[in-house]
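Trainee: dropping the sequence and predicted coords here.
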Amino acid sequence: MIDKIAPSLAAAVAGIGDGATVLVSGFGGSGIPDALLEALLAQGARDLVIVNNNAGNGDTGIAALIRAGRVRKVICSHPRSTNAEAFIDAYRAGKVALECVPQGTLVERLRAAGAGLGPFFTPTAYGTALAEGKESRVIDGVGYVLEQPLRGDFALIKAHRADRWGNLTYRYAGRNFGPVMCTAARHTIVQVDEVVPLGDMPPESVMTPGIFVQAVALVEGELHAA
């Protein structure tokens, strides 16, 4: 019998090892898997590469991992978003590296990884500092930069509902990067606020099929930001 429901948050993140590349869902404060990030902090993995839309906010989640010295590198689009002092302090001190990626390019790199595709050309960032060290070409008079697929060892995702097979639905803007990150990671771990019986989610409402999910952790009472 297929049952992907983990007995605890700690059990769900137990396999994340030092040096792992971890894709983390979220757009601003919406869809951040806070409970899984807290469990990862307690678990102790270090030298992590974190991929997210931004570089953490306040003193929790990604920011807490950075403060604790657990993060080696951040790959994101908005490193200096609101209350990003943890990252800013660490970056200025030379304790964390940054790879800044335009948001659309970030999503397409993840999508390419999930689809099993290779590098692709995009006009975004052509002729800027973000293109340094990358192959550039002019095709039909338009400049392009070659970008690589972005794969994760793990993905930490916040969804709304799941069944024991790992089929997922999301709530409003909490969907954001979740579906594409699920496809781009070798091992996807999802926190949800409700586990429903098989068949309760109509097939047409499933936003991430369970084939892309390896573990689901129930966080009772968890509120999902719109």
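Mentor: Arrived safely. Residues are numbered from 1 along each chain as shown.
Trainee: pLDDT below threshold where in the chain?
Mentor: Across the chain, the ranges flagged by pLDDT under 70 are 221-226.
Trainee: apply 90 and report the result again.
Mentor: Under the criterion pLDDT under 90, the flagged ranges of the chain are 1, 28-29, 80-83, 220-226.
Trainee: nearest the middle, which residue of it would you pick?
Mentor: Closest to where the C-alpha atoms of the chain average out (Cα atoms, centre = their mean) is V24, at 2.3 Å.
Trainee: nearest spatial neighbour of it, chain-adjacent residues omitted?
Mentor: What sits nearest to V24 in space, not counting adjacent residues and going by Cβ to Cβ, 6 or more residues apart in numbering, is N52, at 4.4 Å. Glycine gets a C-beta too; all of them are placed from N, C-alpha and C.
Trainee: measure V74 to F27 for me?
Mentor: Separation of V74 from F27 (Cβ to Cβ, to the nearest Å): 16 Å.
Trainee: more crowded one of those two?
Mentor: Per other Cβ atoms under 10 Å, whichever of V74 and F27 has more neighbours is V74, with 25 against 20.
Trainee: the more buried one: what secondary structure?
Mentor: Under DSSP: H, G, I helix; E, B strand; the rest coil, V74 falls in the strand class.
Trainee: what sits against the residue nearest to the centre of the chain?
Mentor: Contacts for V24 (Cβ atoms under 8 Å, 6 or more residues apart in numbering) come out as I32, P33, L37, I50, V51, N52, G61, I62, A155, L156, M181.
Trainee: who does the closest residue to S8 other than its chain neighbours bridge with?
Mentor: Closest residue to S8 apart from its sequence neighbours, by Cβ to Cβ, 6+ apart: A217 at 7.2 Å. Beta bridges link A217 to Q191, judged by DSSP bridges.
Trainee: what of K73?
Mentor: On the basis of DSSP bridges, K73 is bridged to V49, A97.
Trainee: any idea how many residues pack against it?
Mentor: 14.
Trainee: same check, this time on R46
Mentor: Using other Cβ under 10 Å, R46 has 15 neighbouring residues.
Trainee: for I2, what are its contacts?
Mentor: Residues near I2 by Cβ under 8 Å, 6+ apart: R164, W165, G210.
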